[in-house]
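Trainee: Sequence first, then the predicted structure:
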Amino acid sequence: MGTATAKMPTAIKVPTTNAALHQWVQECAALCQPEAILWCNGSEAERAALMKEACARGVFIELNQTVLPGGYLHRSHPNDTARTEHCTFICTPAKNEAGPTNNWMAPEEAYRTLRQCFEGCMKGRAMYVVPFLMGHPGSSLAKVGVQLTDSIYVALSMRIMTRMGEVALRELGNRPTFTQCLHSVGALDPNRRYICHFPQDNTIWSYGSGYGGNALLGKKCLALRIGSALAQREGWMAEHMLIAGLQAPDGQITYFTGAFPSACGKTNLAMLRPPRRFAEAGWRVTTVGDDIAWMRADAQGRLRAVNPEFGYFGVIPGTSTKTNPSAVEILSHDALFTNAALLPDGTPWWEGKDGPVPPQCIDWMGKPWTPSSGTKAAHPNSRFTAPQAHNPQLDPRWNDPQGVPISAIIFGGRRSTTVPLITEAFNWTHGVYLAATLGSETTAAATGAVGVVRRDPMAMLPFCGYHMGRYFTHWLSMERRLSAAPRIFFVNWFRTDNTGKFLWPGFGENIRLLQWIAARCQGRAGAIETPLGLMPKPEEIDLDGSGVTRAQFEQAQAIDRDTWKTEIASQSEFFATLSTDVPSALLRERDALLRRL
Ligand code: SAT
Ligand code: MN
């Protein structure tokens, strides 16, 4: 960590001689006027020093170090607890490049508006220079970014979420090509909050929020929004997907990716723990990533996926030994907690944690809480930040820059009605149609109403950095690059009966569906044809010990033709918002579906 001030830029002892980087840092420092510029090298000593300072300033609260070594709690500003999509802009020269599903601002206007925000915004504060790498060192797929931020919380979080510091500077060398990420929490005023992407300049400017997806700029901003625009031009894919493997008793691993809207259980699926009978027989799920997949065809035409991240930023509420034992282990040391509640013994608490509800605690806003308070103690979108290396079921190839070969792609949403538990697409194009029409009931991961169905194609609606219609075309075109395209599946763990009870237990029991998916990929399982797609023959899903009867399973798979006509009308409404840019192949799929129904 260098310690020179902005007033003496030439005296700064920094770990790189990259002229383009130095010049850009100086330009941003001239704009933001920080008191000091601190270059982060990613070392353990640096982490300890930053954390000490963060605790002294009240940014972090040290948790009980006997129970949770390395554990710290952060409370965000109460108005800054989720992504703010209405403040998120794609700033391409032409409005149509961003498309109708993104907010757009002209680049000049965005730069002008944000320059006014950034001007002098770091007076009296330090600016951290955070070099980071998305992807693996030495990989042609990896991307270097450098984030300038006045948030010590962000600097400490980036160290967990990315390969941060010297590793990134080494990767960059003297090349001028890195994503320029400028960030300030400003005054945390929700009316002066902007997350702006300039794909043509390889630049991200984020102002007024310290929250994860708004502020940890390597994640959604670089790896997805800038990444997807780049991927379309270069013929690869940047997707909002977990990557995991299903390991059979013979040791063979079938890899799959899964796309679900935020807070629909991606992390839990990526860390699925099978029920005892399956575990004892030798079935395991191994994690490569829980949120983002970068995928491309290899020389043999197989789709390969890498996780560009280095840590997890997972939802805390509901995390327990029942729902996600690996996450419980991950949280047991060196984890940062954001907006969890605090117990008198200095450990965090959240709704759905193992053990009894405490008679009292301090809620996520720092106020005394009791079970009769009538509020949640932890924020519904409270999050943990933790290194993926601490995951006990990490895949053996998680650090392989070649990535893992993908056999299946699973899409899913949160739908209490209409959508069956599991369907397989007839083919790639049909699969793209299923993904493009994905709908899900909204959650607390983004600000706004919770529980209304919104179309979220490929779970990428908030993250696609260019025109959604062209994104569909890109998806369709990927098939030509693949010798054997992965099979595409659609799942819905959230369907309920007419009393509101879930029809499927989910979590570890999902292994039963993964087994069918893997068997389909290996040509070992049959399927029946339905209007919606291929479905497992009833005897092909092992329900033994699941608590689900055949009749309940069939109810979870039921197709109600009238509801589906309403569903298709709603899908068509969404397609209409994309006007003429929906590929005709997808409209043909819709018409074929209508005929089948
Ligand atoms: O965007 S975040 O990374 O903050 C969380 C999410 O919505 O997936
Ligand atoms: Mn996500």
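Mentor: Perfect, thanks for sending it. Ligands and ions are numbered 1, 2, ... in the order given.
Trainee: interface residues of the chain facing ligand 1?
Mentor: Taking Cβ under 6 Å from any ligand atom as the contact definition, the chain meets ligand 1 at 83, 212-213, 219-220, 262, 313, 445. (C-beta placed from N, C-alpha, C; glycine too.)
Trainee: Turn those residues into JSON lines, including neighbour count, secondary structure and pLDDT.
Mentor: Formatted as JSON lines, those follow (neighbours: other Cβ atoms under 10 Å; DSSP: H, G, I helix; E, B strand; the rest coil; pLDDT from 0 to 100):
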{"residue": "83", "neighbour count": "23", "secondary structure": "strand", "pLDDT": "95"}
{"residue": "212", "neighbour count": "22", "secondary structure": "helix", "pLDDT": "96"}
{"residue": "213", "neighbour count": "26", "secondary structure": "helix", "pLDDT": "96"}
{"residue": "219", "neighbour count": "25", "secondary structure": "helix", "pLDDT": "98"}
{"residue": "220", "neighbour count": "26", "secondary structure": "helix", "pLDDT": "98"}
{"residue": "262", "neighbour count": "23", "secondary structure": "coil", "pLDDT": "85"}
{"residue": "313", "neighbour count": "22", "secondary structure": "strand", "pLDDT": "97"}
{"residue": "445", "neighbour count": "20", "secondary structure": "coil", "pLDDT": "75"}
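Trainee: among those, which two are most distant?
Mentor: 219 and 445 (12.7 Å; Cβ to Cβ).
Trainee: all strands of the stretch 151-300 of the chain, in order?
Mentor: 163-164, 179-184, 194-198, 203-207, 237-239, 242-247, 253-259, 284-289, 293-297 (DSSP state E, counting those that start in this stretch).
Trainee: wait, what's in contact with the closest residue to ligand 2 within the stretch 401-550 of the chain?
Mentor: Nearest residue of the stretch 401-550 of the chain to ligand 2 (Cβ to the ion) works out as residue 445 at 7.2 Å. With contact set as Cβ atoms under 8 Å, 6 or more residues apart in numbering, residue 445 has these partners: 82-83, 261-263, 315, 381.
Trainee: Between those residues, which sits nearest ligand 2?
Mentor: Looking across the contacts of residue 445 and measuring by Cβ to the ion, the closest to ligand 2 is residue 262, at 4.6 Å.
Trainee: For the nearest residue to that closest one once chain neighbours are set aside, give me phi and psi.
Mentor: Among residues not flanking residue 262 along the chain, residue 445 sits closest, at 3.4 Å (Cβ to Cβ, 6 or more residues apart in numbering). Backbone torsions of residue 445, given as degrees, to the nearest 10, read phi -70, psi -20.
Trainee: ditto for the one 10 residues further on
Mentor: Torsion angles at residue 455 (phi, psi; degrees, to the nearest 10) stand at phi -70, psi 130.
Trainee: Need the three-state assignment for the nearest residue to it once chain neighbours are set aside.
Mentor: Excluding the flanking residues, the one nearest residue 455 by Cβ to Cβ, 6+ apart is residue 574, at 4.1 Å. Secondary structure, DSSP: H, G, I helix; E, B strand; the rest coil: residue 574 is helix.
Trainee: going forward, begin numbering at 29 instead of 1
Mentor: Sure, I'll start counting at 29 from here, so that last one is residue 602.
Trainee: Quick check: pLDDT value at residue 602.
Mentor: Reading off the confidence values, residue 602 has pLDDT 96.
Trainee: just checking, it touches residue 466?
Mentor: No - with contact defined as Cβ atoms under 8 Å, residue 602 does not count as touching residue 466 (10.0 Å).
Trainee: The two: who's more crowded?
Mentor: residue 466 (25 against 20; other Cβ atoms under 10 Å).
Trainee: ok, that one touching residue 487?
Mentor: Yes - if you go by Cβ under 8 Å, residue 466 and residue 487 touch, sitting 6.5 Å apart.
Trainee: What is the burial count for residue 91?
Mentor: 23.
Trainee: tell me the contacts of it?
Mentor: 99-101, 365, 370, 374-376.
Trainee: can you do 6 Å?
Mentor: Applying Cβ atoms under 6 Å, 6 or more residues apart in numbering to residue 91 gives the contacts 99, 101, 374.
Trainee: Then residue 446?
Mentor: 591, 595.
Trainee: quick one: pLDDT of it?
Mentor: Looking at residue 446, its pLDDT stands at 96.
Trainee: And for residue 31?
Mentor: 43.
Trainee: Kindly report the same for the one 3 residues further on.
Mentor: Here, the pLDDT recorded for residue 34 equals 40.
Trainee: now swap in residue 145 and tell me
Mentor: pLDDT, residue 145: 98.
Trainee: Same check on the one 10 residues further on?
Mentor: At residue 155 the predicted local confidence, pLDDT, stands at 98.
Trainee: Could you measure from it over to ligand 2?
Mentor: Per Cβ to the ion, to the nearest Å, residue 155 is found 28 Å from ligand 2.
Trainee: Pretty sure that residue sits against residue 62.
Mentor: Yes - between residue 155 and residue 62 there is a contact under Cβ atoms under 6 Å: 3.6 Å.
Trainee: For those two, indicate the residue with more neighbours.
Mentor: residue 155 (26 against 23).
Trainee: Shouldn't the more buried one be within a strand?
Mentor: Yes - judged by three-state DSSP, residue 155 forms part of a strand.
Trainee: for it, what are its contacts?
Mentor: 62, 65, 176, 178.
Trainee: and what of residue 212?
Mentor: Residue 212 touches 149, 178, 235, counting by Cβ under 6 Å, 6+ apart.
Trainee: Run through this structure and note the low-pLDDT ranges.
Mentor: 29-41 (pLDDT under 70).
Trainee: Try it again at 90.
Mentor: Along the chain, segments meeting pLDDT under 90 span 29-44, 168-169, 290-293, 470-480, 566, 607-608.
Trainee: need the residues of it near ligand 2, please.
Mentor: Within reach of ligand 2 by Cβ under 5 Å from the ion, the chain has these residues: 290, 319.
Trainee: okay, which residue is most central for the chain?
Mentor: With distances taken as Cα atoms, centre = their mean, residue 319 lies nearest the centre of the chain, 3.5 Å away.
Trainee: which of the contacts of residue 155 lies closest to residue 606?
Mentor: Residue 606 has its nearest neighbour among the contacts of residue 155 in residue 176, at 35.6 Å by Cβ to Cβ.
Trainee: Hmm, residue 539 and residue 306 touching each other?
Mentor: Yes - with contact defined as Cβ under 6 Å, residue 306 and residue 539 form a contacting pair (5.3 Å).
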